[in-house]
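Asks: here is my input; please provide its structure:
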Amino acid sequence: MAVHKRGVGFQANLTVDKQRYRKTFNNTADALAWEKKIKFSVQNEIEILETSGSKSWTYRKASDQCFEICWRGGKSELTNENNRRLIGDFLIHKFGSDEVDLNKITTLVLDDFVIYFRGKGNSDSTVNRKLMCLSKIMKFAHERKKVVELPKLPLKKEPKGKIRWLTLEEDKLLLKFFDFSWTSDYLDYYIVAMDTGLRTGEMLRLQKKDILEKRIKVELTKSGEPRKVGLTPRAKRVLERRSRTLKDDEKVFMITRTKLRYRFDVMRKEIPELKDVHPHVMRHTFCSRLVQLGAPLANVKELMGHEVIQTTMRYAHLSPDHDASDISLLSNFVTDL
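Replies: Numbers count the residues shown, from 1 in each chain. Down below sits the predicted model:
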């Protein structure tokens with residue numbers, strides 16, 4: 001196995017199992033990487049791509065296959081569907097297409113991946129979730145011998161940090177900000193999200209048929225378990241008004257994730273003291289208020305749709321000495337806002 005200067009390039013020349021392989025590259029690093037790839041392929045009985053036609057998978061192919069086999073119909077279906085789409089956006093930014101050969105996704109490319117998504121405002125924990133999604137896709141392809149080797153993931157340490165929730169004054173600032181004269185969409189969304197604790201995806205999927213007399217039902221959830229959440233009077237009024245002319249299968253909120261993110265970007269510029277507030281903070285606030293008002297953690301777990309009680313326990317330090325029960329606590333709390 002050797003790399004030699006040949007004209008203006010560098011030729012890799014090796015023989016494995018009595019089969020000779022040669023290819024010329026612009027630099028020695030690429031030539032050595034190719035030699036390693038050929039040796040690995042032969043040892044693992046992977047068809048040599050350069051001599052037998054491309055048999056490796058592109059990202060899009062691997063992503064589609066992995067989604068159908070591993071995630072379709074599962075509790076993480078929606079999260080992974082969104083993450084794999086965003087990963088595809090990065091590859092289009094980096095390579096001009098998401099039909100890129102998986103073998104081109106190296107650790108150096110993943111360093112750019114981290115920089116790209118940080119530049120989009122993603123926290124390290126959010127970037128890590130996207131890296132893990134990509135890792136699952138690549139492992140899926142690797143198990144089927146459709147990619148030579150797996151790059152090392154540049155995972156970032158995630159600080160535990162404290163939960164960000166809104167004070168009453170911050171709540172009033174946001175109510176004022178979202179109270180546009182030309183549309184009630186964002187104010188209505190804010191009120192319902194604050195008073196139900198629904199995740200962004202759950203809010204955006206909410207249909208008229210999901211609105212019951214005093215509750216809303218959430219069928220497709222992150223935990224995979226459907227749940228029902230009680231309505232405060234103001235949330236009930238908002239939903240009744242918005243759903244009055246809708247058909248059962250029509251969505252209550254015609255807002256996209258992109259538009260919602262943009263509106264919060266604008267808010268953070270106009271209200272600098274809320275620069276660390278994002279849509280998920282409304283869910284944190286809902287949970288924090290219930291615990292502060294004395295709702296049992298077991299009840300809060302069910303309302304939030306937490307898969308394990310340990311997630312709810314992150315809010316336990318907010319609990320007062322007295323005990324209470326359900327959403328009626330929050331109803332009394334928000335009437336003064």
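Asks: contacts, neighbours, all on C-alpha from now
Replies: OK.
Asks: how many neighbours does Met304 have?
Replies: 21 (other CA atoms under 10 Å).
Asks: list the contacts for it?
Replies: 197-198, 287 (CA atoms under 8 Å, 6 or more residues apart in numbering).
Asks: tabulate those (CSV), appending pLDDT, secondary structure and distance to His280.
Replies: Output for the contacts of Met304, formatted as CSV (pLDDT from 0 to 100; DSSP: H, G, I helix; E, B strand; the rest coil; distance: CA to CA, whole Å):
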residue, pLDDT, secondary structure, distance to His280
Gly197, 94, coil, 9
Leu198, 94, coil, 9
Cys287, 93, helix, 11
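Asks: just the buried members of these?
Replies: 197-198, 287 (16 or more other CA atoms under 10 Å).
Asks: I figured Lys228 was touching Lys301, is that so?
Replies: No - counting by CA atoms under 8 Å, Lys228 stays clear of Lys301, with 11.9 Å between them.
Asks: contacting residues for the spatially closest residue to Val100 that is not a sequence neighbour?
Replies: Leaving aside its sequence neighbours, Val100 sits nearest to Thr58 (CA to CA, 6 or more residues apart in numbering; 5.0 Å). By CA under 8 Å, 6+ apart, the contact set of Thr58 is 98-102.
Asks: in CSV: those, plus neighbour count and secondary structure.
Replies: Shown next, in CSV, are these (neighbours: other CA atoms under 10 Å; DSSP: H, G, I helix; E, B strand; the rest coil):
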residue, neighbour count, secondary structure
Asp98, 21, coil
Glu99, 16, coil
Val100, 19, coil
Asp101, 18, strand
Leu102, 24, helix
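Asks: of the residues you listed, closest to Val266?
Replies: Asp98 (30.3 Å; CA to CA).
Asks: hey, where'd the helices end up in the stretch 151-300 of the chain?
Replies: Shown for the stretch 151-300 of the chain, the helices assigned by DSSP state H, counting those that start in this stretch span residues 168-177, 185-196, 200-205, 233-243, 257-270, 280-292, 297-304.
Asks: shouldn't Phe10 be in contact with Arg22?
Replies: No - with contact defined as CA under 8 Å, Phe10 does not count as touching Arg22 (10.5 Å).
Asks: partners of the residue nearest to Val100 in the sheet?
Replies: For Thr58, the beta-bridge partners under DSSP bridges are Asp101.
Asks: where does it land on pLDDT?
Replies: pLDDT for Thr58: 93.
Asks: what is the nearest of the buried ones among the contacts of Met304 to Lys146?
Replies: Using CA to CA, those come closest to Lys146 at Leu198, 39.4 Å.
Asks: list the contacts of the closest one.
Replies: Contact partners of Leu198, counting by CA under 8 Å, 6+ apart, are 283, 304.
Asks: against Leu174, how distant is it?
Replies: 18 Å (CA to CA, to the nearest Å).
Asks: re the thing from before, right, and the helices of the stretch 151-300 of the chain - which one's nearest Gly119?
Replies: Judging the helices of the stretch 151-300 of the chain by CA to CA, what sits closest to Gly119 is helix 257-270, at 13.3 Å.
Asks: quick check: mean pLDDT of that closest one?
Replies: 93.
Asks: give me the neighbour count for Arg164.
Replies: 16.
Asks: correct me, but it touches His284?
Replies: Yes - counting by CA under 8 Å, Arg164 touches His284, with 6.7 Å between them.
Asks: can you list the domains in the protein?
Replies: Segmentation of the chain into domains, based on automatic domain parsing, reads 2-52, 59-143, 168-334.
Asks: now the ones you listed as JSON lines including distance to Pro151?
Replies: Formatted as JSON lines, the domains of the chain follow (distance: least, CA to CA, whole Å):
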{"stretch": "domain 2-52", "distance to Pro151": "13"}
{"stretch": "domain 59-143", "distance to Pro151": "5"}
{"stretch": "domain 168-334", "distance to Pro151": "29"}
